[in-house]
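**Student:** Structure here, sequence nowhere to be found:
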């Protein structure tokens, strides 16, 4: 199994976005239909494949933690650049990039060269939650898209599914996100699925013991054993909670019952510093929703301060040779 990523050497300083730059209604004059277009495309994606909206929602975390919310995650590899899609936390895991392509195409038809891919991620993540039964909120917009991406930066920062709560607390603290933010944002696993690859060690060799994770409810472990047998296909997927198409607080109820799918989920209940918040959110869905929105807004403020642009295609920079970008 892959080791936990090391904490953390940032190649670029992080800043919190200037509130004068990021603001609600940023496209009010330049593209007044922007948020409606994104919501409509996301609604269509949800009808076509419910799992796809959960995948798109997670793009915000995977993008913003790596050099800020700049859509570097969306860049395809080039002959001179290996981007974030092949990083340890993303390869064979993140999916539904085609939904972002659909979002960008729809916006380009109405407002060419206006809405950044970074802002599309933020709007789509919000809409994924709202359309799945979760809270809705006003997003701040006005981001630029990065000019490059780095697999190494993602590998150095993004946590493993075997990460424990102590590691995650330290990681989130680097981004000025609190323990409460960590627990609430982990509630993104209220919708969607995870791969057997991510839990094989929990089922058969937790902490090198040759035994399953003792925190797992025995009946739930039996269910996972059938889904993910030793030597089986590790790309098979299982539900992250008991209501994988509905954004609710069932995720936290499952953690309390020992039915967290990922180690990085269940550890939130077994670790003293995070356990209390799991309990609160399992009992009070409104408190979870409020904390989740606060955490998503704070995470959306993460910026690297580097130059950017408005990409015409979210997968590539605007006609500029990547080798020149890497030298600049």
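**Tutor:** That came through fine. Not measured: the values here are computed from a predicted model.
**Student:** Local confidence estimate at the residue lying closest to residue 216 once chain neighbours are set aside?
**Tutor:** In space, and not counting its chain neighbours, residue 216 is closest to residue 258: 5.7 Å by Cβ to Cβ, 6 or more residues apart in numbering. Glycine gets a C-beta too; all of them are placed from N, C-alpha and C. pLDDT recorded at residue 258 is 96.
**Student:** So the residue most central in space within the chain versus residue 121, what's the distance?
**Tutor:** In the chain, the residue lying closest to the centroid (Cα atoms, centre = their mean) is residue 58, at 2.6 Å. Separation of residue 58 from residue 121 (Cβ to Cβ, to the nearest Å): 10 Å.
**Student:** any idea which element the residue nearest to the centre of the chain lies in?
**Tutor:** Assessed by DSSP states H and E, residue 58 sits inside helix 50-64.
**Student:** Just name whatever secondary elements that helix is in contact with.
**Tutor:** helix 34-48, helix 97-110, helix 117-131, helix 285-300 (3 or more Cβ pairs under 8 Å, 6 or more residues apart in numbering; DSSP states H and E).
**Student:** Let me see the ranges of the strands in the stretch 151-300 of the chain.
**Tutor:** Along the stretch 151-300 of the chain, the segments classed as strands by DSSP state E, counting those that start in this stretch run 193-195, 237-239.
**Student:** Excluding chain neighbours, what is closest to residue 131?
**Tutor:** In this structure, residue 131 finds its nearest non-sequential neighbour in residue 46, 5.3 Å apart by Cβ to Cβ, 6+ apart.
**Student:** circling back to that earlier point, out of the strands of the stretch 151-300 of the chain, nearest to residue 217?
**Tutor:** The closest of those to residue 217 is strand 237-239. By Cβ to Cβ, the value is 14.3 Å.
**Student:** Give me the domain ranges for the chain.
**Tutor:** Annotated domains of the chain cover 16-158+302-319, 165-295 [automatic domain parsing].
**Student:** Show the residue spans covered by the helices in the stretch 201-328 of the chain.
**Tutor:** Secondary structure of the stretch 201-328 of the chain (DSSP state H, counting those that start in this stretch): helices at 218-227, 250-256, 263-270, 272-283, 285-300, 322-327.
**Student:** Output those helices as a markdown table; include the columns mean neighbour count and distance to residue 243.
**Tutor:** Shown next, in a markdown table, are those (neighbours: other Cβ atoms under 10 Å; distance: least, Cβ to Cβ, whole Å):
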| stretch | mean neighbour count | distance to residue 243 |
| --- | --- | --- |
| helix 218-227 | 14 | 15 |
| helix 250-256 | 24 | 4 |
| helix 263-270 | 23 | 15 |
| helix 272-283 | 18 | 13 |
| helix 285-300 | 20 | 12 |
| helix 322-327 | 13 | 43 |
